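Undergrad: build me a structure from this.
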Amino acid sequence: MTPDQAQRLAVEASHALAAAGQGDLVWGHAAVRDPRGRGIWIKAPGWGLEEVREDRLQLVSWDATVLHGTGTPHKECHIHLGLLAASPDLVCTVHTHAPAAVAFGALGTPLLPLSHEGALFGGEDVPRFRATGALVSTPRLGKALAVDLGTAPAALLPKHGLVGAGRTVPSAVMHAVLLERACATQIRAAAAGPVRVRSDRTEARAKRAECWPDSQLEASWHYLLRRAADTLPPPVSREDPAP
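TA: Next up is the predicted model:
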């Protein structure tokens, strides 16, 4: 991967998340590891996910200094810096305020394998980051989040949102999308009555392998990119918002 490709992927990740309904005004972001080891490519503050383009990106160093681009970095750049520094095999991390994830996180109940999406965690509960319900705005909190995520594909941030991670950009985005969908499914099921049917751990693990190989994650990613191209308005040319 070249720096130009990393920037393009950071733009595409933002658009795919927007197409999946994970936008929240100007909040939420995806970060792609810089292939030269300088830090992360991430959108500049003040832009919605659907508005991101290459000239609205920043290259943020591992010590949270803007090396390329304008303005100050996101307060929560430490989410991505912490996760990517802790796991060199990860290429991309995602943070959004996906509504169903926020609602499900408030319930304090285990995430169950009720659907293909719920099987993403192989019959295990989704990790939860409880060090704070406020912003992950310091290196200490970013490191703590990395510990709680571990090797899981995604985690809930109760009272806040979610994070997704992956060894590819498509997998990180889709892990966030699938967690949101799993949360929404369980909320709907529980609203109708007690949950009585779900996969056991053996079936959930088998479904994870069968339903969510890289090929399927990439196919879903390309669908979201097509949807973004068809539905998202072109970015409006205007002055950058104040940091």
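
Undergrad: give me the helices and strands touching the top helix by length along the chain, please.
TA: When the chain is parsed with DSSP state H, its longest helix is helix 169-192. Secondary-structure packing of helix 169-192 (3 or more CB pairs under 8 Å, 6 or more residues apart in numbering; DSSP states H and E): helix 3-19, strand 29-33, strand 92-96, helix 99-105, strand 154-157, strand 161-166, helix 214-231. Every C-beta, even on glycine, is put in place using the N, C-alpha and C of the backbone.

Undergrad: what does the average pLDDT come to for it?
TA: Confidence for helix 169-192, expressed as mean pLDDT, is 97.

Undergrad: do the same with stretch 116-129
TA: Mean predicted confidence for stretch 116-129 is 96.

Undergrad: center of this protein - which residue?
TA: Closest residue to the average C-alpha location of the chain: Val94 at 2.5 Å, with CA atoms, centre = their mean.

Undergrad: wait, that one sits on Val169?
TA: No. Contact between Val94 and Val169 fails when scored by CB atoms under 8 Å: they sit 9.2 Å apart.

Undergrad: shared neighbours of those two, which are they?
TA: Applying CB atoms under 8 Å, 6 or more residues apart in numbering, one finds that Val94 and Val169 are jointly contacted by 13, 30.

Undergrad: flag the shaky bits of the protein, pLDDT-wise.
TA: Across the chain, the ranges flagged by pLDDT under 70 are 232-243.

Undergrad: following the longest helix of the chain, which helix or strand shows up next?
TA: Using DSSP states H and E, the helix or strand that follows helix 169-192 in sequence is helix 201-211.

Undergrad: could you check the angle helix 169-192 makes with that following helix?
TA: 140 degrees (axes from the mean of the first three to the mean of the last three CA atoms, to 10 degrees).

Undergrad: what's next to helix 201-211, contact-wise?
TA: 113, 116, 118-124, 199.
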